[in-house]
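In: Provided below are the primary sequence and the corresponding predicted coordinates.
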Amino acid sequence: MKLVISEKPSVAKSIADVIGATSKNDGYYEGNSFIVSWCIGHLIELAQPQDYDVSFGKWNYESLPIIPDEWRYTIKSDTAKQYRILKELMNRSDVETVVCATDAGREGELIFRLVYNQAGCNKPFERLWISSMEDSAIREGMNSLHPGHEYDSLYNAALARQEADWLVGINGTRLFTVLYGGKLLKVGRVQTPTLAMLVDRETEIMNFKKKQYFMTHIQADIPVNAGFFERVDAVSERIDSKTEADSLSARCRGNTAVVTSVIRENKKTAPPKLYDLTSLQRDANKLYGFTAKKTLEYTQSLYEKKLVTYPRTDSCYLTDDMGTTAENLIRTVNSTFTFISGVIESSDIGRVLNSKKVSDHHAIIPTVEIANADLKSLSDGEKKILYMTAIRLLEATSRPHLYTSEKITFECAGKDFIAKGKSVIDEGWKKYEEALREIFKASKEVDDTKPDESDQKLPHIDEGQVFEKVGSDVTEHFTKPPQRYTEAGILSAMEKAGSSDMDSDVERKGLGTPATRADIIEKLVKDGFISREKKTLIPTEDGMKLITILPEKVKSPKLTADWENALSLMAKGELGMEGFMSGIEDMVRGLVRTYHSVNDEDKRLFSRGDVLGKCPNCGGDVVKGVYGYYCKNKCGMSLNRIMGISINESQLRNLLAGKKILVKGIRKKSGGTFDAYLEPSGIEDYRYKTANGNEMSGKQFKFNMTFPKRK
C-alpha cells in the first residue's frame, strides 16, 4: 500500500481519481492499493520563543538575541485533526511507502518533510514531481516517481529559508519594538527591503522640485496628392526661458524650413516571452488592477481545475522536449477561443524552448483540457487570467512586429526641429495584443489612451525639401516626479533588486520568489506600513519612520537578494546550509550588540498619544498596538480578553476607569453561553500550561459578576 500526501484536498481528489483510490473516508481516499490524503498548507510550524523558555513570553532587550540551539516545532491547532490523520496513516502497518505529492517546489517540499519528521515516520518515501494537474500528467508522474532523498537539497534550502526568516523576524521585530517604546515594528528578511524600496521612491517624490521648460514647434504642410496637404509638427529641444522660446517662435513663424536630414530604419519588436508568475502578476495588475495575491489565487484555481500549468514558476520557457506539446496546444487555443485568429503555420515554437532556462517548472501555459472544459462556469477573474496565458502563448510563438522608424530634421531660423513617425510593415505578434485590448475595451477594464506621439505616420518627405511660411507656437511643460509604485512596478523592482551589483550568471536575483512576493505585499498592507490607493502602493507614516530607524543590513535589497541567490544554490546542492545559517546568526548577534538603546525623544517616535487608561497592576499607560492592548511597562497584565472573550476599546476604557461592562457569549464549562455584567474588583495572578507543556503566567482583572434581568 502506498500513501500519497498532497498539499490540498482538491489536489488529492484529482490524484485519487486518476489512480483509482475512489473510496472516501474521513481525511483520505483509499482504493487500488493506494491511500491519498492531504495537508492543508503548513500543518507544522516553528515554535515561538516562549515555547523554548517561558521567560521569552515577555519582550525585553536582555533576552536577545534568541537563537535556538535545537529547533522545535508545534502542530498548528486549527489543522491538528488532519495532522493526526496523516500520522495514523503513516504508521498503518499496511503502508509500505509514502509519496510526497505536495506542490513541486521549495515550500511544498518543506510542508511534507515537516509532517513526515514530526510524525516520526521512517518509511521510504518517493517524490511526485509534475507541472500540470491533467490526468495524463498525473498518470505519467505516478509511473515515474523519484526517490525522495533526491530532493534533500531542496528541503535544506526550504528549511534554511524558514529558520532565517524566524531569526531575522523574531529578533529584529523584538529589538526595535522594545527600543522604540512598544509599537509593534515588524522586521522581515524580505518585507523590510521591499518597504525600503517603496519609502525610497516616496522620498524622491517628496524631495522633487518641478522645473518649468518650453518647446517651440513649427508646422509644415506636406503635399500628399493633388490639392491635399498633411500637416506635420516638428519640435525643438527643451528651452528653459519662455522669452527665448517665444523669440524663436516669432522668428520661425512665416519663415522657410528646410529638411536637413531624413533617417528611416526598419526595426522589429521581438515577441514577448511566455509568462512566469511575476510577469503574469504584473500584466494582470496593469490591465485589470488585480493584486499579486488575487492573480495567484486565480491561477492556482485554474491549475487545480487542470486548465493551466503550475503557477509558482520563475521560468518563461518550455523544455526542449515540449515542441509537439506546444504545437498541439496552439491548435487547441485557436479552436477554443474563437475571438483569436491565429496563423498556426507561422508559429515559431523554437523561440519558447530552452531547457537550460527552466529550473523546477516551465512557464505558465494553458492545457489541452480547455477544449473540454465549461469555460462559462469560470469566474470573471479566472477567465481573464486564462485568456492572458492563452494569448501570450500565441504571441510568444508568432512573428516579430516589423515597422519603419522615421526621424526627420527641419532647420528653421538657425535651429533644428524634429518630427518622429512610425509605419507598420507587419503587425506580427501585436495582432494578438490588439485582440486582447478589444476584450478589455468591451469590459471597460482599460481606458482608451491617445497614441504615443512617435507612433504618428508621417507623409513621405525627402531630404532637401523646402517649406514656405511655416506655422509656429510654444508649449509649456514641467518636469515630472518619479511615479509611485504600482503593484506591477514593485513586483518588477522586487524581481530585479540587487541585480545591478550581481554577476549576470547568478542563479537567482531579486527579493523573495515568485510564490512569496504577493504575500510580502499583503503583509506590509496588513501591518499598516503601506496602503493601497487604487493601483498605487504608498508607504504610511509608520512605514516611513520604520525605514528611517532601521540599519542598512536589514533593509538592503542587495543583501536580501544575495541571500535568495544563496538559497537557490543550496537547493541545487552547490552550497551548504551551515555556512548560510551561520551568517544569518552572526548578523542577528551584531544587530543586538550595535543597537542597544535610543534616546527618550526617539522612543516617542511611534507614539500615537492615545492612552486608554492606567494599568491596574503597575500604573503604566495602556495603549493599543497592532496585536491589541498592552501596558507600555510590559508588566504582564492581560488586557485583551476577559473570560475568553475579546473586548473592544470602549469596554477596556470603562474597565480601566473602574466601571462595569456587559460581556456577552461567555462559555459555560458544561456547554452553552451566558451574558454577565463584570465590575473590576482588583487584580489576580493567572497561570496555565500550553499544549507543549510550557507554563504561562501573568496578571488579570478580578471581577464581581451580576446577571442581566431576564425578559
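Out: Okay, I see it. Numbering: from 1, shown residues only.
In: CA atoms for contacts and neighbours, from now on please.
Out: Will do.
In: okay, which residue is most central for the chain?
Out: Among the residues of the chain, the one closest to the centroid is A518, at 1.8 Å (C-alpha atoms, centre = their mean).
In: and K603, what pLDDT?
Out: Here the pLDDT value assigned to K603 is 77.
In: doesn't T177 make contact with it?
Out: No: contact criterion C-alpha atoms under 8 Å: K603 and T177 do not qualify, at 9.6 Å.
In: run through the helices of the stretch 1-150 of the chain in chain order.
Out: Assigned by DSSP state H, counting those that start in this stretch, the helices in the stretch 1-150 of the chain fall at 9-19, 49-52, 80-90, 106-118, 135-143.
In: T260 reaches D462, doesn't it?
Out: No: using C-alpha under 8 Å as the test, T260 is too far from D462 to be in contact (9.1 Å).
In: higher neighbour count, those two?
Out: T260 (16 against 13; other C-alpha atoms under 10 Å).
In: contact partners for the more buried one?
Out: With contact set as C-alpha atoms under 8 Å, 6 or more residues apart in numbering, T260 has these partners: I408, T409, F410, E411, E463, G464.
In: what do you get for K24?
Out: E30.
In: so after the host helix or strand of Q219, what's the next helix or strand?
Out: Counting by DSSP states H and E, the element that carries Q219 is strand 212-225. With elements assigned by DSSP H and E, the helix or strand that comes after strand 212-225 is strand 228-235.
In: between K603 and T177, point out the one with more neighbours.
Out: More crowded of K603 and T177, by other C-alpha under 10 Å: T177, with 21 against 17.
In: pretty sure that one belongs to a helix, no?
Out: Yes: counting by DSSP: H, G, I helix; E, B strand; the rest coil, one finds T177 located in a helix.
In: ok, it to K634 distance?
Out: Distance, T177 to K634, using C-alpha to C-alpha, to the nearest Å: 12 Å.
In: V224 now?
Out: 82 Å.
In: give me the more crowded residue out of those two.
Out: Using other C-alpha under 10 Å, the more surrounded residue of V224 and K634 is K634, with 17 against 13.
In: which residues touch stretch 641-648?
Out: Stretch 641-648 has contacts (C-alpha under 8 Å, 6+ apart) with N640, V663, G665, I666, R667.
In: go through those and name the one nearest T102.
Out: Nearest to T102, judged by C-alpha to C-alpha, of the contacts of stretch 641-648 is N640 at 37.7 Å.
In: touching stretch 56-63 from outside, list them.
Out: Outside stretch 56-63, the residues that touch it by C-alpha under 8 Å, 6+ apart are P49, Q50, R174, L175, V178, L179, H596, K634, G636, M696.
In: show the average pLDDT along the strand holding Q219.
Out: What strand 212-225 shows for mean pLDDT is 92.
In: show me what counts as buried in it.
Out: Buried residues in strand 212-225, counting neighbours by 16 or more other C-alpha atoms under 10 Å, are found at Y213, F214, M215, T216, H217, I218, Q219, A220, D221, I222.
In: do the same with stretch 294-302
Out: So for stretch 294-302, counting by 16+ other C-alpha under 10 Å, buried means K294, T295, L296, Y298, T299, Q300, S301, L302.
In: stretch 260-269 now?
Out: T260, S261, V262, K268.
In: contact partners for the closest residue to the third one other than its chain neighbours?
Out: The shortest distance from V262 to any residue other than its chain neighbours is 4.7 Å, reached at I408 (C-alpha to C-alpha, 6 or more residues apart in numbering). For I408, the contacting residues are V259, T260, S261, V262, I263, I418, A419, K420, taking C-alpha under 8 Å, 6+ apart as the criterion.
In: test my guess that the fourth one contacts D462.
Out: Yes: at 6.7 Å, V262 and D462 qualify as touching, with contact defined as C-alpha under 8 Å.
In: strands of the stretch 601-711 of the chain, start to end?
Out: Taking DSSP state E, counting those that start in this stretch, the strands of the stretch 601-711 of the chain run over residues 613-614, 621-625, 628-631, 641-642, 645-646, 661-667, 673-689, 695-706.
In: I'd like these as a markdown table, with mean neighbour count appended.
Out: Output for the strands of the stretch 601-711 of the chain, formatted as a markdown table (neighbours: other C-alpha atoms under 10 Å):
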| stretch | mean neighbour count |
| --- | --- |
| strand 613-614 | 18 |
| strand 621-625 | 19 |
| strand 628-631 | 20 |
| strand 641-642 | 16 |
| strand 645-646 | 12 |
| strand 661-667 | 15 |
| strand 673-689 | 14 |
| strand 695-706 | 16 |
